[in-house]
Structure formats: structure tokens, C-alpha cells
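Student: What would the 3D arrangement of this be:
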Amino acid sequence: MPAVLCQPALPGSRGHHSDNLVGGRGYCYSVPTVAMRGLRSTSVERRKDNATMTDTAYAAPTPQVFYIHDDLSAEVRHTYGEQSLACQLTRELFTLVRRDPQRVVVLHLEEQLTRLVAQGSHGPFATTIGIGQAGERVARQVHQRTGWFPVVRRVEVSREEDGQGGYSLVSLSAQPLAVQLQGLETCASLAVVDDTVFSGLTMRTILQALPPAVLARTRAFCLRGVAESRPSIQALCPLSMGFAAPGRILDEVSFINAAGLVRRISIRRAGQPALAFFERPEWMRAWFPGYADEVIALCQRLHALLEPVSPLV
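Tutor: This next block holds a predicted model:
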């Protein structure tokens with residue numbers, strides 16, 4: 001049984017994956033910053049939630065600015081072709097979600113990579129930890145441009161809903177986090193890479209699990225994140241963040257990966273199948289007020305093409 005770290009959700013919070021949704025980290029990076037406990041333990045800690053909190057724990061406020069990272073268009077175009085129905089529906093989806101352009105902002109990979117690399121040069125790190133598939137992918141994309149990350153190891157952890165109003169940070173492999181991080185004790189320099197830092201929960205967990213001597217030789221990287229979450233990471237090690245969104249998490253700013261809208265990689269649930277975001281209509285109504293039903297319908301059509309045999313069982 002994997003090691004888990006449980007955190008209670010605050011009223012108005014919601015679960016994801018970023019981190020990864022978003023499947024990929026098809027994650028929704030929409031959880032509050034909380035104190036981390038039991039980082040080096042396999043024990044589970046849970047706060048007793050009252051009935052009201054449990055009922056509302058996975059509710060979603062409407063953020064003032066809602067960022068959607070486009071990790072979908074290029075994949076669909078490459079897999080299905082420019083003239084395919086899947087590609088057409090993907091273009092329609094991005095047109096639709098931007099109906100409210102002052103509030104919904106679509107982010108693209110190229111601009112985030114450019115901003116990250118422009119922040120300063122680094123010599124090659126001896127070892128790089130990619131957090132999940134998304135973090136590993138970002139590390140390799142950055143390495144192609146810079147040569148910073150020649151040796152990349154993936155660490156498999158993700159957050160899942162515990163069904164009681166909280167979230168558990170769990171290992172997705174047969175090995176607990178401490179075992180996945182073994183062998184870094186003599187690492188001369190370490191990079192830890194993720195795609196998104198929203199609350200900072202996942203990144204902090206990885207960093208705090210490192211031996212102090214290794215942490216002193218570590219630098220964190222992410223393509224995008226919320227500026228208010230940077231200090232909690234920078235208190236542990238230096239952080240390079242490509243795009244930093246201003247504002248408070250959830251009420252003022254939130255992030256998702258577009259793939260999570262249509263693929264069942266977004267919302268991990270203990271003992272249950274994962275969901276795509278369109279299968280949480282209350283979230284969709286919060287994110288796309290006034291036109292959520294149209295977005296859901298389009299997501300359903302695209303989901304049927306991209307995951308034709310993914311029954312919810």
C-alpha cells in the first residue's frame with residue numbers, strides 16, 4: 001500500500017490533477033496551501049471534518065483570472081491530423097473557452113519556456129528529478145534548449161481526493177517517495193522540475209523529503225505558477241518560474257491543463273476511477289459561468305474521440 005500524506009481541504013477548495021492532470025497532471029492546481037506533516041512517514045494524518053465542510057470541500061469558486069495551459073492542441077494535431085474531426089473540435093473548444101477573454105487566458109508552451117530560460121543560465125545539473133510525467137516532459141523540453149538537465153529521473157507522486165473532504169499525496173509507483181529518492185545523497189547538484197506550482201504542495205513535499213545536505217545543492221524549476229506560492233518554495237531552495245501569475249490562489253487565480261478537460265486524468269479519487277473536468281459540472285459552471293453547458297457538451301464530444309474506450313467503472 002503506497003505511503004500517503006493527507007491534508008484537509010478548506011471550504012471552497014478543489015482537487016486536481018497538474019500535478020499532474022492534469023494527466024497528466026492533467027491536474028487542476030486548485031488546492032489551498034496547508035502545513036505539511038509526516039513527510040518522512042508512511043502514516044496517515046487526517047483532521048476530523050465537520051459535515052458542512054465535507055459537503056462543500058470540493059466546491060469551486062469562480063477565479064478572477066482562469067489560466068488554461070494548452071497541452072492539447074499539438075498532441076491532437078500530431079495524433080489525428082490537421083484536418084481531423086478531433087482537431088476541429090479542439091480548435092472549437094479553445095475558441096469557446098475564450099468567450100470571456102478578460103478572465104480566461106490560454107497559455108502556450110513556447111512563451112513559458114522562453115520566460116524560464118531567460119531568467120539565467122545554469123551549468124548542467126548532476127541529476128534532475130521530474131515530478132510525474134509532466135515534470136519529466138518539461139525537464140526534457142528545457143534540456144533541448146539549454147543542456148541543463150542531462151540526467152532525468154521521474155518521481156511518481158500525485159494528489160488524490162480522499163472522499164472525506166481532503167486530499168492525499170500518494171506515490172503512483174510501488175515504491176514510496178523515500179525509496180524513489182534514494183541514491184541522491186552524493187549528488188553534486190540537483191534540479192527538481194514540475195510543470196506547475198499552484199499551492200506548492202507537491203514541490204514542497206519533494207524538497208522537504210530530501211536530505212538537508214542535498215537540499216542545499218538543489219534548485220527548483222517550473223513553467224508556470226502563482227506568485228504568492230513562490231516564498232514557500234524559496235524558503236527551501238532557489239526557484240525559477242517561467243510564468244508567475246499574480247493574485248491569491250482559487251479566488252483570484254487558478255490553473256488547469258487543457259487535456260484535463262477532456263481526458264480522465266484530472267481528478268484522482270481514492271478507490272475510484274479518475275474523472276475528466278467536464279465530469280464535474282459544478283466546477284465547469286464556476287470556471288465558465290454562463291456558458292458551461294456548451295463547454296461540457298464540446299468536451300464530451302472530444303472525449304469520445306480521444307478516449308473511445310475509457311468506461312467509468
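
Student: State the number of residues packed around G183.
Tutor: Counted with other CB atoms under 10 Å, the neighbours of G183 add up to 10. Any C-beta I mention is one placed from the backbone N, CA and C, and that applies to glycine too.

Student: next one: Y291
Tutor: Other residues near Y291 come to 14 when the count uses other CB under 10 Å.

Student: With adjacent residues omitted, what lies nearest to it?
Tutor: Spatial nearest neighbour of Y291, excluding adjacent residues (CB to CB, 6 or more residues apart in numbering): R99 at 5.7 Å.

Student: how far away is that neighbour from E294?
Tutor: According to CB to CB, to the nearest Å, R99 stands 9 Å off from E294.

Student: How many neighbouring residues does Q144 have?
Tutor: Using other CB under 10 Å, the number of residues around Q144 comes to 10.

Student: What residues of the strand or helix carrying it count as buried?
Tutor: Assignment of secondary structure by DSSP states H and E places Q144 within helix 132-146. Applying a neighbour-count criterion of 16 or more other CB atoms under 10 Å, the buried positions in helix 132-146 are G132, Q133, A134, G135, E136, R137, V138, A139, Q141, V142, H143.

Student: now do stretch 269-289
Tutor: Those would be 274-280, 283-288, for stretch 269-289 by 16+ other CB under 10 Å.

Student: ok, which stretches of the stretch 201-313 of the chain are helices?
Tutor: Listed in chain order, the helices of the stretch 201-313 of the chain (DSSP state H, counting those that start in this stretch) span residues 201-208, 212-215, 230-234, 259-262, 281-287, 292-306.

Student: Can you list the buried residues in the last one?
Tutor: Under the neighbour-count criterion of 16+ other CB under 10 Å, helix 292-306 has A292, E294, V295, I296, L298, C299, R301, L302, H303, L305, L306 buried.

Student: just the first one next, same as before
Tutor: For helix 201-208, a neighbour-count test (16+ other CB under 10 Å) marks L201, T202, M203, R204, T205, I206, L207 as buried.

Student: Tabulate these (JSON lines), appending distance to V106 and pLDDT.
Tutor: What follows is those, written out as JSON lines (distance: CB to CB, whole Å; pLDDT from 0 to 100):
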{"residue": "L201", "distance to V106": "25", "pLDDT": "87"}
{"residue": "T202", "distance to V106": "23", "pLDDT": "90"}
{"residue": "M203", "distance to V106": "24", "pLDDT": "94"}
{"residue": "R204", "distance to V106": "28", "pLDDT": "93"}
{"residue": "T205", "distance to V106": "29", "pLDDT": "90"}
{"residue": "I206", "distance to V106": "28", "pLDDT": "94"}
{"residue": "L207", "distance to V106": "30", "pLDDT": "96"}
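
Student: So which of the residues you listed is the closest to E252?
Tutor: L201 (18.3 Å; CB to CB).

Student: if I read this right, that closest one contacts G166, doesn't it?
Tutor: No: under the criterion of CB atoms under 8 Å, L201 is not in contact with G166, lying 11.9 Å apart.

Student: hang on, the earlier thing: do you know which of the helices of the stretch 201-313 of the chain lies nearest L107?
Tutor: Between L107 and these, the shortest gap by CB to CB is with helix 259-262, which sits at 13.1 Å.

Student: what separates that closest one from the chain centre, distance-wise?
Tutor: With CA atoms, centre = their mean, to the nearest Å as the basis, helix 259-262 stands 12 Å off its chain's centre.

Student: Pull it out as PDB, backbone CA atoms only.
Tutor: Extracted as PDB, the C-alpha positions of helix 259-262 are listed here (Å, rounded to 0.1, in the frame of the first residue of the first chain):
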ATOM      1  CA  ALA A 259      -6.000  17.900 -21.600                       C
ATOM      2  CA  GLY A 260      -7.700  17.500 -18.200                       C
ATOM      3  CA  LEU A 261     -10.900  19.000 -19.600                       C
ATOM      4  CA  VAL A 262     -11.400  16.000 -22.000                       C
END
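
Student: Give me the helices and strands touching it, please.
Tutor: Counting by 3 or more CB pairs under 8 Å, 6 or more residues apart in numbering; DSSP states H and E, the packing neighbours recorded for helix 259-262 are helix 22-25, helix 292-306.

Student: okay, those in a markdown table with distance to Y58 next?
Tutor: A markdown table is the format used below for the helices and strands packed on helix 259-262 (distance: least, CB to CB, whole Å):
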| stretch | distance to Y58 |
| --- | --- |
| helix 22-25 | 16 |
| helix 292-306 | 16 |
